[in-house]
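Participant: got a structure for you, letters missing:
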């Protein structure tokens, strides 16, 4: 029997450490939604950062998210961001790494950060509401995945 790359399995301990490390730095739409819902109209336990370009944010974003494109994350640009609250970043989808870039930049500046895996497309796939417009639009949409999402350019 040929031994391929898949057959090269790690022992349980390194695998456990790897997956624990991923969970320490990643979250998913269901957990973000649950934590936002638990805030019950109050301030959520974390700051939600949309790391995509501002025009993408204006088109659609998660409720309560703040637009902060990853390329703009510099010390002087995030002075307003409290270091005593954790941050969750997200981007377009699993094929975009703007959320990772934002998380890396913010963690380098001393923030506690997790990335929401799957981005706004995973959020939409779960059927969760989105907002559109300025930094915190009041208008919400409960629409599911939107057609044309594949036509969007990431610009990350």
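Facilitator: Thanks, I have it. Bear in mind that the values here come from a model prediction, so they are computed numbers and not experimental data.

Participant: Next, the residue nearest to residue 54 when sequence neighbours are not counted: phi, psi?
Facilitator: Once flanking residues are discounted, residue 54 sits nearest to residue 67: 5.3 Å by C-beta to C-beta, 6 or more residues apart in numbering. Where C-beta positions appear, they are placed from N, C-alpha and C, glycine not excepted. Main-chain torsions, residue 67, degrees, to the nearest 10: phi -80, psi 120.

Participant: number of nearby residues for residue 67?
Facilitator: Burial measure for residue 67: 19 neighbouring residues, criterion other C-beta atoms under 10 Å.

Participant: downstream neighbour of the top helix by length along the chain in the secondary structure list?
Facilitator: Assignment by DSSP state H gives helix 12-25 as the longest helix of the chain. Counting by DSSP states H and E, the element after helix 12-25 in chain order, helix or strand, is strand 26-27.

Participant: What distance do you get for residue 97 to residue 123?
Facilitator: Shown here: residue 97 relative to residue 123, a distance of 17 Å by C-beta to C-beta, to the nearest Å.

Participant: Have a look at the two and say which one is more surrounded.
Facilitator: Neighbour count, other C-beta under 10 Å: between residue 97 and residue 123, residue 123 has more, with 26 against 18.

Participant: Which helix or strand contains that one?
Facilitator: Going by DSSP H and E, residue 123 is in helix 119-125.

Participant: can you give me the helices in this protein?
Facilitator: Using DSSP H, the helices assigned to the chain run over residues 12-25, 29-38, 54-59, 98-108, 119-125.

Participant: can you list contacts of the second one?
Facilitator: The reference is to helix 29-38. Helix 29-38 is contacted by residues 44-46, 48, 62-64, 88, 90, 116, 118, 122-123, 125-126, 128 when judged by C-beta atoms under 8 Å, 6 or more residues apart in numbering.

Participant: Apart from its neighbours in sequence, what residue is nearest residue 15?
Facilitator: Excluding the flanking residues, the one nearest residue 15 by C-beta to C-beta, 6+ apart is residue 9, at 8.0 Å.

Participant: Ramachandran angles for that neighbour?
Facilitator: Torsion angles, degrees, to the nearest 10, at residue 9: phi -90, psi 140.

Participant: So for it, what's the pLDDT?
Facilitator: Looking at residue 9, its pLDDT stands at 86.

Participant: go on, residue 40?
Facilitator: 79.

Participant: and it, how many neighbours?
Facilitator: 7.

Participant: now the one 4 residues further on
Facilitator: The number of residues packed around residue 44, counting by other C-beta under 10 Å, is 18.
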